[in-house]
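Trainee: kindly generate the corresponding structure for this input.
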Amino acid sequence: MVTFYTREFGKLEAVASGIGKPGSSLTGALELFTLSKLFFAKGRELERLSQAQVIEGFPSLAGNLRSYAYASWLVELTARATEPGEAAPELFDRLLTSLRLLAAGLDGALLTAAFALELAELLGVAPVLTECTVCAGELVGPAWYNAPAGGLVCAACHRDEPEVWELSAGHRALLQGLRTLPVDRLPNLRARPEETAAVLGLARRHLAYHLGFTLKSEAFLRQVEGD
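Mentor: Numbers count the residues shown, from 1 in each chain. Model (predicted):
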């Protein structure tokens, strides 16, 4: 059994028979982080992978532990947060572009935070960043991210509670940049490492809280980053 993420059909599970045979044309297409053209045959209960043509691979990801950790987090998040048969071409394109940028050497923390915020937007659980989520007032001065509230809260509404982080003006500006910049312009975004780490932590915590699960690759990523 193999799980694929496709542009036309979303997440799709299929039986891949004979992949252990020498010279099987299917083997290359089953490598992690591989873009392929797939052909399926109808089975009694499940689709069966009958042919595959590799279009693009990302061997540089396997040679860089940090990039591999971020790529693993991206694909696991996509697999866990989507349902079989629900096509989302924009998410497929975003994932593919993100893998290409990671393979090209773009900072994985920025890329992952931007992807997490984009996915939250598509799922309808995006954090509110432009106003206080409690009183709907303008955010002037300090602001705090409140996971249960689903976004930022102002000084008047702030309470010391679990899942609450104080954000600097730099954090907020970076969050807005990640939300508004096209993914191919992320290489132009400049941020201090501590701001990037804080924003990525916020995005990961937001998804974990509002989607109700923690990714297995989270521990791997934390180990690589030294968290």
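Trainee: report the separation between the residue nearest to Gly151 when sequence neighbours are not counted and Gly141.
Mentor: Once flanking residues are discounted, Gly151 sits nearest to Val128: 2.9 Å by CB to CB, 6 or more residues apart in numbering. For the C-beta atoms, the positions are set from N, CA and C on the backbone; glycine is no exception. Note on Val128: its distance to Gly141, by CB to CB, to the nearest Å, is 17 Å.
Trainee: all strands for the chain, in order.
Mentor: Counting by DSSP state E, the chain has strands at residues 2-6, 10-15, 35-42, 47-56, 143-146, 151-154, 164-167.
Trainee: which one of these is the most hemmed in?
Mentor: Comparing the strands of the chain by mean neighbour count (mean count of other CB atoms under 10 Å), strand 143-146 comes out on top with a mean of 24.
Trainee: that one: how far from the chain's middle?
Mentor: 22 Å (CA atoms, centre = their mean, to the nearest Å).
Trainee: sorry, back to before: need the strands of the chain in a markdown table (columns: distance to Ala79 and mean pLDDT).
Mentor: Output for the strands of the chain, formatted as a markdown table (distance: least, CB to CB, whole Å; pLDDT from 0 to 100):
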| stretch | distance to Ala79 | mean pLDDT |
| --- | --- | --- |
| strand 2-6 | 6 | 91 |
| strand 10-15 | 7 | 90 |
| strand 35-42 | 16 | 88 |
| strand 47-56 | 16 | 88 |
| strand 143-146 | 26 | 91 |
| strand 151-154 | 26 | 92 |
| strand 164-167 | 27 | 85 |
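Trainee: wait, which of the ones you listed is closest to Thr78?
Mentor: strand 2-6 (5.8 Å; CB to CB).
Trainee: from Gly63, how far out is the closest residue to Ala120 other than its chain neighbours?
Mentor: The spatial neighbour of Ala120 that comes closest, neighbours along the chain excluded (CB to CB, 6+ apart), is Ala126 at 4.4 Å. For Ala126, the distance to Gly63 equals 34 Å [CB to CB].
Trainee: Thr34 now?
Mentor: Distance from Thr34 to Gly63, by CB to CB: 15 Å.
Trainee: look at these two and report which has more neighbours.
Mentor: Thr34 (17 against 10; other CB atoms under 10 Å).
Trainee: ok, now how distant is Gly201 from Ala156?
Mentor: Distance from Gly201 to Ala156, by CB to CB: 25 Å.
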